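Trainee: need coordinates for the below:
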Amino acid sequence: MRWRRVSVLTLVINTLWMQNIVTDKDDCKCKIQTLCEPISSSRVVQTEVFVFHRERNNWEEYHWSKITTIVVSGAVEDDFYCLAHSYNVRLVFEAVLTMDELIMKESWMSTKIVLVRTYKLDGIYINVRDKLNKGAQNYHELTRMVIKSASLFRSELPGRQISFNVPWTPNCKNERCFDFLPISYAFDLFIVHSFNIRNDMQDGCVAMSSSSYHDVLTGLSDYIKLGVDSRKLVMGIPWFGYDYTCKRFSQAGGCELENTSHCGYELGMWLPYETIIQRLPRSLTGRLWNDDRCTPYFVYMDGKTYHQVWYDDPESISMRSTFLKKLKLGGIGVMKLNDVDHSRTAWAALHAEEMWNALCPP
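Mentor: Numbering: from 1, shown residues only. Model prediction:
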């Protein structure tokens with residue numbers, strides 16, 4: 001039972017740490033004092049634009065008028081906080097939940113409530129990263145814990161947003177299988193990671209995009225068929241791609257990868273969109289388009305080795321954005337904002353503008 005003692009010790013340390021930083025935001029640092037007040041979830045939003053912020057560079061250049069919610073990992077700079085609230089943009093805390101923490105139950109959420117209250121944040125985003133199979137020992141325990149945690153959060157911080165991370169499909173194809181429908185009743189939003197879809201193939205293993213138009217549509221539709229309110233679904237899209245090293249390459253057969261036990265995006269190297277568009281002009285092929293997956297790609301060489309890069313760009317994102325109206329979704333999500341260059345150079349500004357516009361086409 002040593003791991004149980006470690007979990008409790010971690011809880012105590014985290015609680016003491018948070019008590020020591022309460023004064024960091026006890027006093028409002030915004031020039032307009034009302035900007036330090038939490039943004040209520042009762043605010044009417046036609047389309048949620050739910051985005052992830054990881055680093056602290058270039059946030060001044062975000063298209064703030066198009067954002068509704070930003071996920072942060074903790075405290076943020078005062079200027080960032082005040083600017084977000086001046087645009088009525090929520091800042092929500094990302095709380096990562098592991099299977100080992102299930103024993104902590106109410107105490108796990110209690111520590112997160114203290115943190116959200118301390119930093120005057122506008123909600124919480126619960127991210128369960130561990131694998132979980134249907135019928136596993138923790139399957140029902142996780143359901144009970146997250147529902148109870150959501151109830152506790154609402155009672156302690158009424159009116160603040162609470163969201164939950166879910167995989168691209170509810171059909172348990174990626175070993176992240178939850179009891180989705182009852183969990184959905186307890187949350188304002190389901191943030192659907194409609195990317196990083198494994199594509200195991202029976203006949204060979206070739207490079208391809210981490211998601212396709214049809215996979216994304218099928219996954220979202222299956223949540224709705226399950227009974228999840230479509231207005232709670234936020235379709236997550238990537239501002240990144242994958243660079244695959246070809247074991248064998250041919251114009252007809254594409255980029256064949258090293259044989260492994262499975263074939264999927266894990267065999268590629270992750271690249272932010274900023275890097276992808278810098279490499280594209282130096283590629284052998286220029287931008288190519290795959291009609292089956294509705295996704296762009298290109299080929300380049302490193303020495304004598306061929307590489308294929310598959311990614312999403314304004315055209316492929318715009319096509320997926322049509323699902324917002326088609327399925328009556330609650331919104332769209334971006335992973336992550338810093339994968340696009342938001343500097344003031346004309347070249348960067350053009351590409352950033354195109355990516356932002358693709359999120360909510362007319």
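Trainee: tell me the secondary structure for I126?
Mentor: Counting by DSSP: H, G, I helix; E, B strand; the rest coil, the backbone at I126 sits in strand.
Trainee: ok, it - contacts?
Mentor: Shown in contact with I126 (Cβ atoms under 8 Å, 6 or more residues apart in numbering): A95, L97, V146, S149, I162, S163, F164, N165. In this view, the C-beta of every residue, glycine as well, is placed from N, C-alpha and C.
Trainee: if we only consider the residues you listed, which is nearest to I224?
Mentor: I224 lies nearest to F164 out of those, by Cβ to Cβ, at 16.3 Å.
Trainee: any idea which helix or strand comes after the least confident helix or strand in the chain by mean pLDDT?
Mentor: None of the helices or strands of the chain scores lower by mean pLDDT, DSSP states H and E than helix 2-21, at a mean of 41. Per DSSP states H and E, the first helix or strand lying C-terminal to helix 2-21 is strand 48-52.
Trainee: next, the buried residues of the helix or strand following that following strand.
Mentor: Counting by DSSP H and E, the element after strand 48-52 in chain order, helix or strand, is strand 69-72. Within strand 69-72, the residues scored as buried using 16 or more other Cβ atoms under 10 Å are T69, I70, V71, V72.
Trainee: without its sequence neighbours, what residue ends up closest to L329?
Mentor: Spatial nearest neighbour of L329, excluding adjacent residues (Cβ to Cβ, 6 or more residues apart in numbering): L233 at 5.0 Å.
Trainee: which residues touch the one you found?
Mentor: Contacts of L233 (Cβ under 8 Å, 6+ apart): L189, F190, V192, L220, Y223, I224, L327, L329, G330.
Trainee: filter those residues down to the buried ones.
Mentor: L189, F190, V192, L220, Y223, L327, L329, G330.
Trainee: which stretches of the stretch 51-200 of the chain form helices?
Mentor: 78-86, 106-118, 139-156, 180-185 (DSSP state H, counting those that start in this stretch).
Trainee: mind giving me a markdown table with these and columns for mean neighbour count and mean pLDDT?
Mentor: Converted to a markdown table, the helices of the stretch 51-200 of the chain look like this (neighbours: other Cβ atoms under 10 Å; pLDDT from 0 to 100):
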| stretch | mean neighbour count | mean pLDDT |
| --- | --- | --- |
| helix 78-86 | 18 | 94 |
| helix 106-118 | 19 | 92 |
| helix 139-156 | 17 | 93 |
| helix 180-185 | 17 | 97 |
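Trainee: can I get these in JSON lines including distance to C360?
Mentor: Shown next, in JSON lines, are these (distance: least, Cβ to Cβ, whole Å):
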{"stretch": "helix 78-86", "distance to C360": "19"}
{"stretch": "helix 106-118", "distance to C360": "28"}
{"stretch": "helix 139-156", "distance to C360": "28"}
{"stretch": "helix 180-185", "distance to C360": "24"}
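Trainee: no further questions, thank you.
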